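Enquirer: pasting the sequence and the predicted coordinates here, then a few questions.
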Amino acid sequence: MLKLVFIGFGNVGRSLAQILIDKKKLLKERYGSEFKVVGIGELYGSFVNKEGLNLEDLVDLSFSDFENHKNWKKGLTAPELIKNLDFDVLVEMSYTNLEDGEPGLTYIREALKNGHHIVSSNKGPFVFAFQELQDLAREGELELKYEATVGGAIPIFNLGMYGLASNEIFSIRAILNGTSNFILTKMSTEKIPFEIALKEAQELGYAEADPTLDIEGHDAAAKLVILANTFLGSNVSFKNVKIQGIKDIVPDAIALASEDDFLIKHIAIADKKGNLEVAPKLVPFDSPFAIGGTNNIIVLETDLAKHISIIGHGAGGSEAASAIMSDLVSISIKEKK
């Protein structure tokens, strides 16, 4: 049985907890995998139970009720949890910081130094310290998994690393931000200006109150860096990406493109020469990139399998939790060997 520590218990963390509750029998029967959560680190304290927390008690617990729970340790910080608790896997789900990757970077770094496997949905640490974290994991013979950092539920890293194991990957083309794709879809289908499409995205919960990371292309750029470092043998960071957002796209430009059977999509591109770009591009109506809504698409150009395309929902708690779960099962299977 793998003992888990969660860092972060927001939408993704609670969705993961619900999966562990609902899929407990399936996970054991199909994979022989069993898990218990012995700690959950949050902003002002942590939940701790060395025998395993009762997730059913916690999954719907409001933040204001944390301090009334019997397993709540007020003031117990995430670093203290990582240093002092006996566990196997750190599941790092804190907020993404694209300034310096903190505090998630420190959490992951310290967990690796203390001999713990890592599963993360947090892009920040992998944007700023990808090679360092890989080296730490390799030195400690530890698993470093980050399926949930790119593409929501899309299993792109499992596909690229294992499904395409004998292939060389030459380039990546992708739509990596569901919010931007939703906005551009709305502008195209309903012929509305950017501001109205953005407001609708915010009302539906697809965009944050401050949507800067999404609409200016920073979120997509961070994901592109992780893809390039993983698949192209790159050693690039955020500063290496040419970025152009979508906020200056006007309805007239979309209408003009439509007259020639084109759509405007926010496309991320990387190749082995070190070129990385996130920018609006024209794509034909019949292109795989003509997907709508919050969907993401990732296309890998390979030597043997040629072009491999995978499409899926790029945002949401259950989608990210699904990706985290695949990483946890992978570690569980390896630990039993």
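Expert: Received the coordinates, thanks. Numbering: from 1, shown residues only.
Enquirer: which stretches of this protein form helices?
Expert: With DSSP state H as the criterion, the chain has helices at 11-22, 24-31, 55-58, 78-84, 104-113, 124-128, 130-139, 156-158, 178-190, 194-203, 212-215, 218-231, 251-259, 317-336.
Enquirer: buried residues in stretch 55-63, which are they?
Expert: For stretch 55-63, burial by neighbour count (16 or more other C-beta atoms under 10 Å) applies to 55, 58, 59. (Each C-beta comes from the backbone N, C-alpha and C, glycine too.)
Enquirer: between the residues you listed, which is nearest residue 29?
Expert: Of all the buried residues of stretch 55-63, residue 55 has the smallest distance to residue 29: 19.2 Å, by C-beta to C-beta.
Enquirer: please name the nearest non-neighbouring residue to the closest one.
Expert: residue 17 (4.5 Å; C-beta to C-beta, 6 or more residues apart in numbering).
Enquirer: neighbours around the one you found, how many?
Expert: Residues lying near residue 17 (other C-beta atoms under 10 Å) number 21.
Enquirer: does it touch residue 59 like I think?
Expert: Yes - the pair residue 17 and residue 59 passes the contact test of C-beta atoms under 8 Å, sitting 4.8 Å apart.
Enquirer: pLDDT weak spots in the chain?
Expert: 337 (pLDDT under 70).
Enquirer: can I see the domain layout of it?
Expert: 2-152+317-336, 163-313 (automatic domain parsing).
Enquirer: sorry, back to before: out of the helices of the chain, which comes closest to residue 297?
Expert: It's helix 178-190; of the helices of the chain, that one is closest to residue 297 (C-beta to C-beta) at 9.0 Å.
Enquirer: quick one, that closest one and helix 218-231 angle?
Expert: Helix 178-190 and helix 218-231 meet at an angle of 120 degrees, taking axes from the mean of the first three to the mean of the last three C-alpha atoms, to 10 degrees as the criterion.
Enquirer: quick check: end-to-end length of stretch 31-48?
Expert: End-to-end distance for stretch 31-48, by C-alpha to C-alpha, to the nearest Å: 27 Å.
Enquirer: got a list of what residue 34 touches?
Expert: By C-beta atoms under 8 Å, 6 or more residues apart in numbering, the residues touching residue 34 are 1, 2, 24, 27, 28, 332.
Enquirer: count of neighbours near the second one?
Expert: A count of neighbours around residue 2, defined by other C-beta under 10 Å, yields 18.
Enquirer: any idea how far it lies from residue 21?
Expert: 16 Å (C-beta to C-beta, to the nearest Å).
Enquirer: next, the buried residues of stretch 279-290.
Expert: Buried residues in stretch 279-290, counting neighbours by 16+ other C-beta under 10 Å, are found at 279, 280, 281, 283, 289, 290.
Enquirer: what about the residue of the chain most remote from its centre, distance to residue 289?
Expert: What lies farthest from the middle of the chain is residue 259; by C-alpha atoms, centre = their mean that is 35.8 Å. Taking C-beta to C-beta as the measure, residue 259 falls 19 Å from residue 289.
Enquirer: and if you look at residue 101?
Expert: Distance of residue 101 to residue 289, computed by C-beta to C-beta: 29 Å.
Enquirer: cool, residue 48 as well?
Expert: Residue 48 is 47 Å from residue 289, by C-beta to C-beta.
Enquirer: ok, residue 13 next?
Expert: 32 Å.
Enquirer: then residue 152?
Expert: 17 Å.
Enquirer: and for residue 199?
Expert: 25 Å.
Enquirer: residue 133: neighbour count?
Expert: For residue 133, the neighbour count with other C-beta under 10 Å is 21.
Enquirer: for it, give me its contacts.
Expert: By C-beta under 8 Å, 6+ apart, residue 133 lies in contact with 108, 109, 112, 118, 125, 126, 144.
Enquirer: same check, this time on residue 246
Expert: By C-beta under 8 Å, 6+ apart, the neighbours of residue 246 are 180, 183, 184, 194, 215, 217, 266, 280.
Enquirer: now those residues as JSON lines including distance to residue 231?
Expert: Output for the contacts of residue 246, formatted as JSON lines (distance: C-beta to C-beta, whole Å):
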{"residue": "180", "distance to residue 231": "22"}
{"residue": "183", "distance to residue 231": "28"}
{"residue": "184", "distance to residue 231": "26"}
{"residue": "194", "distance to residue 231": "32"}
{"residue": "215", "distance to residue 231": "26"}
{"residue": "217", "distance to residue 231": "20"}
{"residue": "266", "distance to residue 231": "20"}
{"residue": "280", "distance to residue 231": "24"}
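Enquirer: give me the contact list for stretch 96-107.
Expert: Contacts of stretch 96-107 (C-beta under 8 Å, 6+ apart): 7, 78-79, 82, 90, 92, 94-95, 120, 122-129, 213, 218-219, 222, 238.
Enquirer: what about burial for the residues you listed, which qualify?
Expert: The buried subset of the contacts of stretch 96-107 - by 16+ other C-beta under 10 Å - is 7, 78, 82, 90, 92, 94, 120, 122-129, 213, 218-219, 222, 238.
Enquirer: ends of stretch 88-98, what's the gap?
Expert: Termini of stretch 88-98 sit 27 Å apart (C-alpha to C-alpha).
Enquirer: what's the answer for stretch 38-46, then?
Expert: Note: stretch 38-46 ends 10 Å apart using C-alpha to C-alpha.
Enquirer: lovely, talk soon.
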